[in-house]
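Engineer: sequence below, structure please.
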Amino acid sequence: MGGSWIVVSVHDVAPAFTAEVQLLLGALDAIGVRPRVLKVVPHAAGGPRVDEAPALVWLLHDETRAGSEVVLHGYTHQGCGAFRGDWLTRARAHLFAGPAAEFLTLDPAEAGARLVAGRTVLQGLGINVQGFCAPAWMASKDTRGLLQRLGFRYYVGMNTLVDVQTGRRRWLPWAGYMGASPWHERLVWLGGAVQLAVAARFPAIKVFLHPQRARASTDCQRVLRLLARLVHERRPTTYAALLDAGA
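Structural biologist: This next block holds a predicted model:
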């Protein structure tokens, strides 16, 4: 693999969003984004498990056969208590993550149990999982050590890809669509513009898409238009392939 790369991920892949995920994948097909990354929530709060949703199981198998990568994205994507960590982390969670910051509310024992349970659900479908991305990119400081001990290969942060087995950290400028309120999307767009202004200095960047309200969102369409330009400059890849390439 040579040149410069782009990782494109669809977040919050869960039964409740199957139609929206299909819509986003179709839009990515139309602009030539393959492979891509699907961040799967095994048992999203209030809904069935992934393995109880035949249409989503078929989609995941179709994607992985075509070379896409599945990343574990929490277990329920729903917090279950007070936020942990320093005051700045807690403030960020309150402002930008709300109840989604599942792995910022768990003690190490519960976090480990959910990592194992989520991976087990996906392995039961025949899907290998090497990486983990915490919902809202927020997790306690214990999480990376847990991932290492449990045999995960990498952790995806907001700006970083961390090889948890070696400790090597790669910086990834980003842009994306959150499926949030208009003011939040404006902040994300501005943040992405700042990130991409320095992207030429980095071998890889990432673009993320969320399914919430994607069908009717002009903000989502704007990110897809940006992505259509970026894929002429950078080759789509996955997180595992970046690690394999030493990028």
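Engineer: from here on, contacts and neighbour counts on C-alpha atoms
Structural biologist: Fine.
Engineer: all strands of this structure, in order?
Structural biologist: Assigned by DSSP state E, the chain shows strands spanning 5-13, 37-40, 69-72, 131-132, 154-156, 160-163, 169-171, 174-177, 204-209, 235-237.
Engineer: list the contacts of residue 48.
Structural biologist: If you count contacts by Cα atoms under 8 Å, 6 or more residues apart in numbering, residue 48 has them with residue 15.
Engineer: now do the helices in this structure.
Structural biologist: Secondary structure of the chain (DSSP state H): helices at 18-30, 54-65, 87-92, 108-124, 143-149, 182-197, 218-230, 239-245.
Engineer: which of the ones you listed has the lowest average pLDDT?
Structural biologist: In terms of mean pLDDT, the lowest-scoring of the helices of the chain is helix 87-92 (a mean of 60).
Engineer: need the strands of the chain in JSON lines (columns: distance to residue 138).
Structural biologist: Listed next are these as JSON lines, based on distance: least, Cα to Cα, whole Å:
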{"stretch": "strand 5-13", "distance to residue 138": "14"}
{"stretch": "strand 37-40", "distance to residue 138": "15"}
{"stretch": "strand 69-72", "distance to residue 138": "14"}
{"stretch": "strand 131-132", "distance to residue 138": "11"}
{"stretch": "strand 154-156", "distance to residue 138": "10"}
{"stretch": "strand 160-163", "distance to residue 138": "12"}
{"stretch": "strand 169-171", "distance to residue 138": "16"}
{"stretch": "strand 174-177", "distance to residue 138": "16"}
{"stretch": "strand 204-209", "distance to residue 138": "16"}
{"stretch": "strand 235-237", "distance to residue 138": "24"}
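Engineer: and the helices of the chain as TSV, adding distance to residue 43 and mean neighbour count?
Structural biologist: What follows is the helices of the chain, written out as TSV (distance: least, Cα to Cα, whole Å; neighbours: other Cα atoms under 10 Å):
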stretch	distance to residue 43	mean neighbour count
helix 18-30	13	17
helix 54-65	12	16
helix 87-92	25	13
helix 108-124	8	17
helix 143-149	19	18
helix 182-197	26	15
helix 218-230	25	17
helix 239-245	23	16
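Engineer: and residue 169, which of these is closest to it?
Structural biologist: helix 239-245 (10.2 Å; Cα to Cα).
Engineer: elements contacting the closest one?
Structural biologist: Under the contact definition 3 or more Cα pairs under 8 Å, 6 or more residues apart in numbering; DSSP states H and E, helix 239-245 sits against no other helix or strand.
Engineer: can you list the residues that contact that helix?
Structural biologist: By Cα under 8 Å, 6+ apart, helix 239-245 touches 1, 7, 37, 69, 130-131, 161, 163.
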